[in-house]
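Novice: Quick one: sequence and predicted model below, then my questions.
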Amino acid sequence: MKKLFPIIAFCFFVVCTSFAQEKPFLSDIYSYLENTSVFELNQEEGHVPLIPYNSVDQALINIPGKNPNYLSLNGIWKFHYSDTPEGVFPDFFKESFSDNKWDTIRVPSNWEMKGYGDPLFRNVTTPFRPDPPRIPREYNPTGSYRRIFNIPASWKSSEVFLRMEKTASASFVWINGKEVGYNEGGQEPAEYNISKYLRPGKNTIAVVVYKYSDGYYLEDQDYWRLSGIFGDIWLFAAPKAHISDWVVTTDLDETFKDSKLSLSFNVRNYSDKPKNDLSIRVALYNSDKQIVNKLTTEKFSVLPDTMRTINLDEIITNPDKWSAEHPNLYTLIFELVNSKGMVEEVITGRFGFKETEIMNQVFYLNGKPVKLNGINSHMQHPLTGHTMDEATIRKDLSLFKQFNINCVRTSHYPPVIKYLDLADEYGIYVIDETGDEAHATEYLSRNKEWEGMYRERARKMVLRDRNHPSILFWSAGNESGEGENICAVIDEGKKYDKTRYWMYGGNAFSHRCEEIIGPRYPQIRDLLTTVFNVPASEDPRPSFLDEYLAVTGNGGGGLDDYWELFYSHPRSMGGAIWDFVSTGITEKVRTLKDRSDNNVQVNIMGRAKLVPGRNGLGIDLNGHDQWVEVYRDEALELTGEKLTLTLWVYPRSLSSSSGTLITKGNWQFGIRQLKNDSLEFYLTTRSKQTVRIALPENWEYNWHYMAANYDGSAIYLTIDDKESIHKSVSGNIRNTPFPVNIGKNAEIHGQETSVYISDAIIDQVGIFSKQLSSEFLRNPTEGIKQQAELWLDFEEETTGGEFYSYGIGARTYGAIWPDRRPQPEMWQIKKSAQPVSVKLVSDRSGLVEITNRYLFTDLKEVDARWALQKDGEILQKGNLDLSLEPGKKTVFKVPFIKPGIENGSEYFLILSFHQKDKTQWADPGFEIAWDQMELPWFKPAAVPHSEVSQPVDAVEAGENLIVKGKNFTYRFDRKRGLLISMDVNGRELIKQGAELNVWRAPLANETDEWTFWSSNIKNRTDGFGRMAATEWYSAGIDKMSFLNDNFSWEIPGDSTVVVSSKNIYTTGNRRGSFINISKYTIDGNGIITLENSIVPNGQMPSWLPRIGQQWILDSTLRNVKWFGRGPQENYPDRKSGYRVGEYQSTVDEMYEPYLIPQDYGLRTDTRRVSITGVDGSGLEFTGNRLFNFSAQPYSTDNLTKSLYTYQLHPFDGITFNLDYATSGVGCTAAGVFPEYQVMPQRYDFVTTIKPVLPQTP
């Protein structure tokens, strides 16, 4: 194939050239957009980005904006948007065309982020039904761009090039009305020689961009599908003799000391005369801009209109090597000198001395075995979409360095140029990835017709990026199938870079052509049995897990488990977490008024808008991820035997694709259009039932009234004046955990949607929990509207606040929030792979074992510190004079003095390692690594000499038991066996006392279909989805019934009251129960000792979210102080990155704004926690062993039912969860490892609840 491909490329060029001459661009766009053999036209060959300078001094400064040979076209352009290519003005590219009435847009940008079209998020599928190479004709957003620019007079005799870094996904270019070229590939650069189209002074450029082309099938990445000219666009001028490309390679000797420096130059002659006696002078500068070497080529000639390659080699003695730990960069200056000794141009670039090799399954960098704490990262910003600025890139790379992330996989396409420039500077290993993902159509990798397109994307990437030292190895793409085209990508890349290896991000265990294998998302057992213990004789390739743990929402569990294996197995290079930046984009909160008496919260989603409707205004949904979101208000959690749905609809042509009208999931109830023939009403009682009615002939572009009814004995539909058959149905409606949506089905319309969900104007929507006839609903009175569970007439929209949208249902990945604030997982990512680790050897002699995991850094280069703690308080501290070579370990004595040991106190030794010097990403003293070692000095506290307890008494008062002592009154509900009031010093501290709690608002991982396959599912009921939480919803642990079996009390003496209760909590499916036995011992000081036993019985879920107590505290108790792990949120499978200590926070500060509301804020390994008001009064909780807790200003019900942060509303209380055991957060792909799951078994726990008295001045 190596010999054949240049022939194919030549034939392709001839075909495209003649093709372009025969047909104007816009005369038949689909011969380009749907033609796999045409993906670029009239482009320059790929090369390293370069701009000729006029002098060495200019080149050393290297600021393009100050280069007279550079002209940026970034800025304001004239812009016209249309939903289809047919909306493009046919002569818009002509100089004479008037664009006065056009809008303006800033370039670079994604037009969706500027308010044009609709931002669409998709994972595997395309937003339309895939049929490569064909693309949708009915919807293909198209942007037309125009701008005027002026050519400097100094460019008169130069060759001028137009460079467009990123344009999605296909584009035509005109200069001064003349056709220039064509490009496909949203993430790869396109460069055109436009010299012959230009004239002095004013010139016009016109570009048309199409969202969809056949190239889009290789851009099927898991992210926001955005379009436009979203990368830098500029012009540069070059002399007739021009260094059009250069490449540098370094080859270290066997001792990795000296290096062979090899340079290769492509010199082009654009003139019609030979260029004789040319030479290139080379100067090598170190990081201080001092010349360390000078070289000059022999003189050479270049024939007219040809290119010549010139090579130059030199041995460099002991140069500083490049690595992430020491990113030593060198600068090269090239002067192209003509026969008269004059400098034609000056080119500059940077590089680093490094070498990689694979031996016996181990990947080496400069002779050292690499471990990569990697992360995947999209080019993503909540305001600018995929357009990245330097400040954002610097922030991202700084976070990498601060959190010990030494590697980034640029998923799933090459990044912007500045990203790699800065990765070179900061010291980040980069896996540069080919932009060829065909996830929805992986079979394309086996289709020879697509090979050229696959190869072209690899070629452009490698030719652009190969001089960057930060690129550790290449990736042949992501999830693009397992066919021969993947081999072609690697083959193509190796033509232009023979120094680096290749991986491929496929979903198979490995690909035969990749040199670095995965696998991805393995279980621990998979790594042990099929990867790390496989001998090199069977497979010599190293293992890098390009995706091994997906941090979706509150996630990141199991990192320690993976890193224990990574460090202990030489074949492992480490892995990359999926992924870095949260998917959210900033949107306004748009609210509609519910006219019923329930005042249900209703919000407009996407770019839907209010327009003239059937009666006043209606909601216009265009089919492209626009809908109305209705909160799961109790009024709509319908379980009765009657239902009426009513609405007016004005359907349009795309409604035949899906035609979703009103739904509550895909089972409970809904009305939807089926293609072009019928309307369907579905409803589930004991089983799902449907009834259909034919669409009227005048269905599209006319108003129609419709109603769906369930009267307890039958279901039927009405359109206009026609009624469907009545289908016999009976029983209670099955309530499912999905919201009511208008224009969308929340259960099935998500990130894999390939239909237009609802293309219609909708008006007068009503949902009733009773039977109403159409005659009352076609023209309803205000009284009828108020009787509804929900009534929307779309007359009133209010806008207030912002939120991060995840679109129609994006998987809410991310280790940082969209605004670049770190999420709690980041502290675990930092800890699990930290470059220094410490283990306690002997507490008596103060010996610790220190391991230096750095590859190239001696520990004398960092500042080592130690501290001795008692219950979080520092008793002693100091610095360590430490020197330890990379990759070594040693036993070291820490000079602490053992203090007098206090009973009941815990002692810890902490060693930490800090930066000595200031860097781009942190100041001196910044902490890099730490370990906290528990010292075995603990002695149980002696049984305290009890204070003289005040008298305590109890008396029954109606349904309550009142326990009174000095300054306190507690009340129990005798019928329910629950503590319901704690009044201390006249202040009520609780709304509800301890109740059994096994539920948490499901995490994003637990509501994701991906996790369904890794979850241990025993219970599954239709309508409750396919997710980990299906197990819990089907069992009904979210809606357990309550029965008090026993309540009693006694006063064994005058100093305590003992209250006992036995409550039965039965699961919603009636197949299992939790027997909750509680014994409260209350002394005269108001201290409660609660002995609690939880005994599961009957059929249980396979595992539980949590088990313990839930309290509802008074809403004024908002200050939290605890001794346990912190300060950030942590969970049982994500906790070693958080020190044990004494912390303070508030209920509001402990909130974590996950894009999908879910359980949050847990603190593990807690010894004690107090929650108090502003005056210091409140409650303190301790346990007979470590426990976990969280405190939230929202009800668990609100957290459970909310899908967006704007649906969260603080209630009159504080939800306080005290867990005896909590399940981990796990990974979206692998789920929660069994060792971190809460099993349904007996739990016994003793809690002490102590009133905290007000602070005295």
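Specialist: Received it, and whenever you're ready, just let me know what you need.

Novice: In the sheet, which residues pair with Tyr710? Tell me.
Specialist: Leu643, Ile715 (DSSP bridges).

Novice: Just checking, which helix or strand succeeds the lowest-mean-pLDDT helix or strand in the chain along the chain?
Specialist: Ranked by mean pLDDT, DSSP states H and E, the weakest helix or strand in the chain is helix 4-22, scoring a mean of 42. Counting by DSSP states H and E, the next helix or strand C-terminal to helix 4-22 is helix 30-33.

Novice: Please state the offset of the helix or strand that that following helix is followed by from the chain centre?
Specialist: Heading C-terminal from helix 30-33, the first helix or strand you meet, by DSSP H and E, is strand 40-41. Centroid displacement of strand 40-41 relative to its chain, using Cα atoms, centre = their mean, to the nearest Å, is 34 Å.

Novice: other SSEs contacting the helix or strand just after strand 40-41?
Specialist: Beyond strand 40-41 on the C-terminal side, the first helix or strand identified by DSSP H and E is helix 56-61. Helix 56-61 sits against strand 330-337, strand 343-351, with contacts defined as 3 or more Cβ pairs under 8 Å, 6 or more residues apart in numbering; DSSP states H and E. (Glycine included, C-beta is placed from N, CA and C.)

Novice: just so I know, which of the ones you listed lies nearest Ser1145?
Specialist: With Cβ to Cβ as the measure, strand 343-351 is the member of the helices and strands packed on helix 56-61 nearest Ser1145 (44.8 Å).

Novice: Rounded mean pLDDT for that closest one, please.
Specialist: For strand 343-351, the mean pLDDT works out to 98.

Novice: Contacts for it next, please.
Specialist: For strand 343-351, the surrounding residues in contact (Cβ atoms under 8 Å, 6 or more residues apart in numbering) are 48, 50, 52-56, 58-60, 62, 238-239, 241-243, 246, 248, 250, 278, 329-338, 421, 424, 467-469.

Novice: Now that we have these, which of them are buried?
Specialist: Buried residues within these, counting neighbours by 16 or more other Cβ atoms under 10 Å: 48, 50, 52-54, 56, 58-59, 238-239, 241-243, 246, 248, 250, 278, 329-337, 421, 424, 467-469.

Novice: Tell me the confidence at the closest residue to Leu365 other than its chain neighbours?
Specialist: Among residues not flanking Leu365 along the chain, Thr356 sits closest, at 5.5 Å (Cβ to Cβ, 6 or more residues apart in numbering). Looking at Thr356, its pLDDT is 98.

Novice: same thing with Pro940?
Specialist: So, for Pro940, pLDDT stands at 89.

Novice: got the contact list for it?
Specialist: Residues in contact with Pro940 (Cβ under 8 Å, 6+ apart) are Asn903, Gly904.

Novice: The one 10 residues further on too?
Specialist: With contacts taken as Cβ under 8 Å, 6+ apart, Gln950 has the following neighbours: Gly965, Lys966, Ser1055, Gly1084, Asn1085.

Novice: Quick check: chain neighbours aside, which residue is closest to it?
Specialist: Closest residue in space to Gln950, ignoring its immediate chain neighbours: Gly1084 at 3.4 Å, by Cβ to Cβ, 6+ apart.

Novice: The one you found against Val1057, yeah?
Specialist: No - the pair Gly1084 / Val1057 is not scored as a contact, 9.1 Å apart, by Cβ atoms under 8 Å.

Novice: Now for the two: what residues contact both?
Specialist: Contact criterion Cβ under 8 Å, 6+ apart; residues shared by Gly1084 and Val1057: Val952.

Novice: between these two, who's got more neighbours?
Specialist: A count of neighbours by other Cβ atoms under 10 Å puts Val1057 above the other of Gly1084 and Val1057, at 25 against 21.

Novice: Can you get me the start-to-end distance on stretch 385-396?
Specialist: One end of stretch 385-396 sits 15 Å from the other (Cα to Cα, to the nearest Å).

Novice: Just the residues contacting that stretch, thanks.
Specialist: For stretch 385-396, contacts defined as Cβ under 8 Å, 6+ apart pick out 108-110, 112-113, 119, 166, 168, 223-224, 226, 230-231, 377-381, 415-416, 418-419, 422, 580-581, 585, 820, 920.

Novice: Count the residues that sit near Tyr1138.
Specialist: Other residues close to Tyr1138 by other Cβ under 10 Å number 24.

Novice: Tell me the secondary structure of it, please.
Specialist: State at Tyr1138, reduced to three classes by DSSP: H, G, I helix; E, B strand; the rest coil: coil.

Novice: Walk me through the domains of the protein.
Specialist: The chain breaks down by automatic domain parsing into domains covering 4-238, 244-351, 371-577, 588-795, 835-935, 957-1252.

Novice: Give me whichever of those is most buried.
Specialist: Of the domains of the chain, the one with the most neighbours on average (mean count of other Cβ atoms under 10 Å) is domain 371-577, at a mean of 22.

Novice: mind checking which of the helices and strands packed on helix 56-61 is nearest Asn666?
Specialist: Of all the helices and strands packed on helix 56-61, it is strand 343-351 that lies closest to Asn666, at 55.2 Å by Cβ to Cβ.

Novice: Which helix or strand lies directly C-terminal to that closest one?
Specialist: Sequence-wise, the next helix or strand downstream of strand 343-351 (DSSP H and E) is strand 356-359.

Novice: Export only the CA atoms of the helix or strand that that next one is followed by, formatted as CSV.
Specialist: Past strand 356-359, further along toward the C-terminus, the next helix or strand under DSSP H and E is strand 362-365. Output of strand 362-365 as CSV, limited to C-alpha atoms (Å, rounded to 0.1, in the frame of the first residue of the first chain):
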residue,chain,number,x,y,z
VAL,A,362,7.9,-1.5,28.8
PHE,A,363,7.7,2.0,27.3
TYR,A,364,10.8,4.1,28.0
LEU,A,365,11.4,7.9,27.8
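
Novice: Give me the packing partners of strand 362-365, helices and strands only.
Specialist: Against strand 362-365 (3+ Cβ pairs under 8 Å, 6+ apart) you get strand 356-359.

Novice: Can you point out the buried residues in the strand it packs on?
Specialist: Buried residues in strand 356-359, defined by neighbour count with 16+ other Cβ under 10 Å: Ile358.

Novice: what comes into contact with it?
Specialist: With contact meaning Cβ under 8 Å, 6+ apart, strand 356-359 is reached by 363-365, 472-473, 499-501, 515-516, 540-542.

Novice: Format these as CSV; extra columns: pLDDT, distance to Gly993 and secondary structure.
Specialist: Rendered in CSV, the data for the contacts of strand 356-359 read as follows (pLDDT from 0 to 100; distance: Cβ to Cβ, whole Å; DSSP: H, G, I helix; E, B strand; the rest coil):
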residue, pLDDT, distance to Gly993, secondary structure
Phe363, 98, 58, strand
Tyr364, 98, 62, strand
Leu365, 98, 59, strand
Leu472, 98, 57, strand
Phe473, 98, 59, strand
Thr499, 97, 68, coil
Arg500, 98, 64, coil
Tyr501, 98, 62, coil
Glu515, 98, 62, coil
Ile516, 98, 57, strand
Pro540, 98, 64, coil
Arg541, 98, 60, coil
Pro542, 98, 57, coil
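
Novice: which SS state does Lys860 fall under?
Specialist: With three-state DSSP as the basis, Lys860 sits in helix.

Novice: typo on my end, it should be Phe908
Specialist: Secondary structure for Phe908, judged by three-state DSSP, is strand.

Novice: if I read this right, it contacts Trp930, doesn't it?
Specialist: No - using Cβ under 8 Å, Phe908 is not in contact with Trp930; the gap is 11.1 Å.

Novice: what's the overlap in contacts for the two?
Specialist: By Cβ under 8 Å, 6+ apart, no residue touches both Phe908 and Trp930.
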